[in-house]
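# Predicted coordinates and the sequence they were generated for:
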Amino acid sequence: MTTVRPGTGRSAGHAAELAAEQTYVSGLYARLDELRARTVHRLEEQLATVPHNPQAIGEREAQVELHTQRLVALDAAESGLCFGRLDRHDADVPRYVGRIGLSAEDGDDEPLLVDWRAPAAQPFYTATPLHDLGVRRRRHIRTRGRTVESIADETLDLSDPELAERPGPAGESVLLAALNATRTGRMTDIVRTIQAEQDRIIRADARGVLVVQGGPGTGKTAVALHRAAYLLYTHRERLARSGLLVVGPSPTFLRYIADVLPSLGETGVVLADLGGLRPGLQARAPERPEVAEVKGRLAMADVVAAAVRIRQAVLDAPVELEIDGTPLRFTKADAVRVRSRARASSRLHNEARPAAARAVVELVTRRYADELGANVVGGANLLGEGDVAALRREVAVEPAVARLIDRLWPRLTAEGVVARLLSSPDELTAATPGWSETERALLHRPASSPWTAADVPLLEEADELLGADDSAQRAADRRAAQRRLRHAQETLDLLHGSRSVDNETEEESEELSAGDLLDAEGLAERQEETDTRTTAERAAADRSWTYGHVIVDEAQELSAMAWRVLLRRCPTRSMTLVGDVAQTGSAAGAASWEQVLTPHLGSHWRLEELTVNYRTPAEIMAVADRVLAAGGSGGTAAQAVRSTGVAPWSWRVADDELADAVAEAAAGFDKEEGTLAVVVPRRRLPEVAGAVRARLPETSTEGDLTSGPAVLPPDAVKGLEFDSVLVVDPAGIVADGVRGLNDLYVALTRATQRLGVVHPDEVPAMLSGLEVRG
Ligand SMILES: Nc1ncnc2c1ncn2[C@@H]1O[C@H](COP(=O)(O)OP(=O)(O)OP(=O)(O)O)[C@@H](O)[C@H]1O
């Protein structure tokens, strides 16, 4: 395939330039088709092979996975394959920038297309007239399908007289077009318009903890996701093995961002919110903020540890046992001895259970031997070592002894420990010395209560303390391995025996048999089951998995206990944490990054800031900034990059007419104008959602943002955005939240175009500048 590169086009007219770019872009698509066809062919070949042993199955699965990934990346690149071009001082041919890298078959020096993540593409995002990085001209190419619709040039070399005829903020207009586009309810990628301050963060060193602080709409989420794609590209091999985890604040938010990485050709990332982080559990029950705050305190680590220790019991009274008709007494002092020995044997409860069991069996055996071997005339015990060993075996299988072991040192699960702790007032009191009754009452709940997100760190903490008594599993694994080895040896013997030594010619004796190539151990290994799941699938299913990189969005919301969970998942501390301390809604969350990170990381983290708000128009930011100034905590407001000329409005209605008024206001938004969110204090949610749904049946409250208006409480809109936002009862939002002003700030800053406020009382003073509707 040949690809025509258009000339630099200094004298060509615009139409000719456009036509030349079309030819080039068509060439790129032809190459994409070629690669896709080749990949499909390879995939089909692999799928057609019939592997004959587990190792071959593993190899085939790996190949299938490789080609599938490649195909996903090629498919993802279809829309907007090429979006930029750099003309450079020192090169004759232009450099094209796009969603993936493409090279010509013959390995042309300059690739046909440079992946946006490659170092060679960076000047597309960062070159300026002052620091042109060797770039004369930057061209933005807009395509629809495979057709080049427009080109827009930016001149960086102002001394070039020809280029100087066409200076202008082309980059700005491309950006503004992207920002003004109607929203679909699903976040999209921003590869065409990444800004220089964002690019710096996306490409920052993967090592260490990077905190990205930025006001609303500064692109923190977008940057975090593009950084994930960048890291996967730059450290592909390492992260393919260890995996990358992206943590967001809620399932709705995860749905909202779910398309971004696949659209960048990356599918091997684990997305989770705190409630979904524990394999096999979806902790989704609602939680009162004050309860979540207590559960999130660092002190809960000690409480969970105490709850585990409480289960390592001693006896209130001696236990009477009878073994083969012989009565035996197991005393309180015996129980204390068992506990000391087990505690000394291991830090982890379940791993110490065999030691506890051994100690019980030993003590009972000694008592038993004392009874049976007692010399009636005094003097030494009459039983020999062999006799005692026989008694020990008898004791070990005695059901009453097994019950005693279970009582003194039960096998524990995290769910069992935490459920009992939270539902038992006695255990709560014992595990929380020095706490107030009010605090204990907040923790207390019925035994059968469903799990909440704030419970997840407690469960994970318990798991850390429990470990697993995997002695039975290890013994079973050993037996299975021995069986495989025996079987492999027999197979090899059979193969060897089938060669008749007498008839062996010289040539035949030179032939290698399976036995020559492989010993029994090698063959046994091949027969082991091969895990054919992808890294992401394995990581998501394994609570002890440690990731190569962890990205946390809305990181300000996490409690101290949640940080412990995430830091355990990333022992290398290669992490990107993005958030805004001015948007913290949860009481357990951060008022400042120092406050939340110092206990875990000391000063081992670095801070970057994003300063431009790409979402919220200046008219709305002016309102939101007044809320921030009125006492929203921490953070810095970001400068709005555009204004719409549309004034935000407020509408005062009677309290008992509020729901209907909101429904009327919601119906007043034109569907053509994109998505609408109605943000309501939680206590008014049912009433308002009911009224809006009665008027607009497509209304959602479940977090599906792609259909009709979404009626949501303030905590659920964190991280999201909508073309229009109706904030209902702002004073109620402030009064309800633990950090109510922050909640109101978040609600106001979700809008990309229009904002309305419907309120039952006087509008709060800080919102008094709104255009009044009557
Ligand atoms: N460089 C960019 N080009 C185009 N759009 C951008 C750019 N940066 C940000 N945006 C858009 O601005 C909006 C806000 O971005 P994002 O949600 O990432 O901000 P945020 O800082 O996470 O906001 P918040 O903290 O308020 O949730 C999104 O629609 C995003 O696509």
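Structure's in. What do you need? Numbers count the residues shown, from 1 in each chain.
# When you work out contacts or count neighbours from here on, use the C-alpha atoms and nothing else.
OK.
# which residues of the stretch 601-750 of the chain fall in strands?
Applying DSSP state E, counting those that start in this stretch to the stretch 601-750 of the chain gives strands spanning 606-610, 612-613, 639-640, 649-652, 676-679, 710-712, 722-728.
# do the same with the stretch 251-400 of the chain
Counting by DSSP E, counting those that start in this stretch, the strands of the stretch 251-400 of the chain are 269-273, 319-323, 326-330.
# shaky segments in the stretch 351-500 of the chain?
375-377, 379, 469-476, 487-500 (pLDDT under 70).
# switch the cut-off to 50
498-500 (pLDDT under 50).
# Equivalent analysis for the stretch 501-650 of the chain, please.
Ranges of the stretch 501-650 of the chain meeting pLDDT under 50: 501-516.
# Quick check: residues of the chain near the ligand?
Applying C-alpha under 6 Å from any ligand atom, we find that the chain lies next to the ligand at 175, 178-179, 190, 193-195, 214-222, 614-615, 719-720.
# Any of those buried? List them.
Neighbour counting over those (16 or more other C-alpha atoms under 10 Å) leaves 175, 179, 190, 193-195, 214-222, 614-615, 719-720 as the buried ones.
# Give me the subset of those residues that lies in helices.
Secondary structure from DSSP state H places Leu175, Leu179, Lys220, Thr221, Ala222 of those in helices.
# The helix ranked longest in the chain: what's the following helix or strand?
Counting residues, the longest helix found in the chain (DSSP H) is helix 14-48. Following helix 14-48 in sequence order, the next helix or strand is helix 54-76 (DSSP states H and E).
# Could you check that next one and say which residues are buried?
54-55, 57-58, 60-65, 67-76.
# what helices or strands is that helix leaning on?
Helix 54-76 is packed against helix 14-48, with contacts defined by 3 or more C-alpha pairs under 8 Å, 6 or more residues apart in numbering; DSSP states H and E.
# List the buried residues of the helix it packs on.
17-18, 20-29, 31-32, 35-36, 39, 42-43, 46.
# same question, stretch 567-574
For stretch 567-574, burial by neighbour count (16+ other C-alpha under 10 Å) applies to Leu567, Arg568, Arg569, Cys570, Thr572, Arg573, Ser574.
# Quick check: phi and psi at the fourth one.
When you say that, I think you mean Cys570. Here is the backbone geometry of Cys570 (degrees, to the nearest 10): phi -140, psi 70.
# got the contact list for it?
Cys570 is in contact with Thr546, Tyr547, Gly548, His549, Val550, counting by C-alpha atoms under 8 Å, 6 or more residues apart in numbering.
# now do the first one
Under the criterion of C-alpha under 8 Å, 6+ apart, the neighbours of Leu567 are Arg573.
# and the next element down the chain from the one helix or strand it maps to?
Element membership for Leu567 (DSSP H and E) is helix 560-568. Using DSSP H and E, the helix or strand that follows helix 560-568 towards the C-terminus is strand 575-579.
# Tell me which residues of that following strand come out buried.
Quick answer for strand 575-579 (16+ other C-alpha under 10 Å): Met575, Thr576, Leu577, Val578, Gly579.
# Which two of the residues you listed have the greatest separation?
Largest separation among the buried residues of strand 575-579 by C-alpha to C-alpha: Met575 and Gly579, giving 13.2 Å.
# Going along the chain, name the helices of the stretch 601-750 of the chain.
Along the stretch 601-750 of the chain, the stretches classed as helices by DSSP state H, counting those that start in this stretch are 618-629, 658-667, 685-695, 730-736, 740-748.
# Of the ones you listed, which stretch is the most buried?
Among the helices of the stretch 601-750 of the chain, helix 740-748 has the highest mean neighbour count (mean count of other C-alpha atoms under 10 Å), at a mean of 27.
# Setting aside sequence neighbours, what's the nearest residue to Leu442?
With C-alpha to C-alpha, 6 or more residues apart in numbering as the criterion, Leu442 has its nearest non-adjacent residue at 5.5 Å, and that residue is Val291.
# That neighbour against Ala441, yeah?
No - contact criterion C-alpha atoms under 8 Å: Val291 and Ala441 do not qualify, at 9.3 Å.
# which of the two has more neighbours?
Val291 (18 against 14; other C-alpha atoms under 10 Å).
# Tell me how far the more buried one lies from the ligand.
Relative to the ligand, Val291 is positioned 25 Å away (C-alpha to the nearest ligand atom, to the nearest Å).
# OK, contacts around the closest residue to Arg445 other than its chain neighbours?
Counting by C-alpha to C-alpha, 6+ apart, Ser423 is the residue found nearest to Arg445 once chain neighbours are left out, at 5.2 Å. By C-alpha under 8 Å, 6+ apart, Ser423 lies in contact with His444, Arg445, Pro446, Ala447.
# so which of those is the most crowded?
His444 (18 neighbours).
# Can you pull the phi and psi angles for the residue nearest to that residue when sequence neighbours are not counted?
Of all residues not flanking His444 in the chain, Leu422 sits nearest, at 5.0 Å (C-alpha to C-alpha, 6+ apart). Phi and psi for Leu422, reported as degrees, to the nearest 10, are phi -80, psi -20.
# OK, contacts around Leu696?
Ala663, Ala667, Gly708, Pro709.
# Show me which pair in those is furthest apart.
Spatially, the most separated pair among the contacts of Leu696 is Ala663 and Gly708, at 12.6 Å (C-alpha to C-alpha).
# Test my guess that Arg146 contacts Leu28.
No - Arg146 is beyond contact range of Leu28, at 9.7 Å (criterion: C-alpha under 8 Å).
# Name the nearest residue to Pro251, sequence neighbours excluded.
Of all residues not flanking Pro251 in the chain, Asp273 sits nearest, at 6.4 Å (C-alpha to C-alpha, 6+ apart).
# Name whatever forms a beta bridge with the one you found.
Asp273 has these beta-bridge partners by DSSP bridges: Gly248.
# Can you get me a residue count around it?
By other C-alpha under 10 Å, 21 other residues sit near Asp273.
# which residue packs closest to Asp157, ignoring adjacent ones?
Leaving aside its sequence neighbours, Asp157 sits nearest to Arg136 (C-alpha to C-alpha, 6+ apart; 5.0 Å).
# Could you count how many residues lie near that neighbour?
Neighbourhood size, Arg136 [other C-alpha under 10 Å]: 22.
# what's the answer for Pro286, then?
Counted with other C-alpha under 10 Å, the neighbours of Pro286 add up to 12.
# phi, psi of it?
The phi and psi values for Pro286, taken as degrees, to the nearest 10, are phi -70, psi 160.
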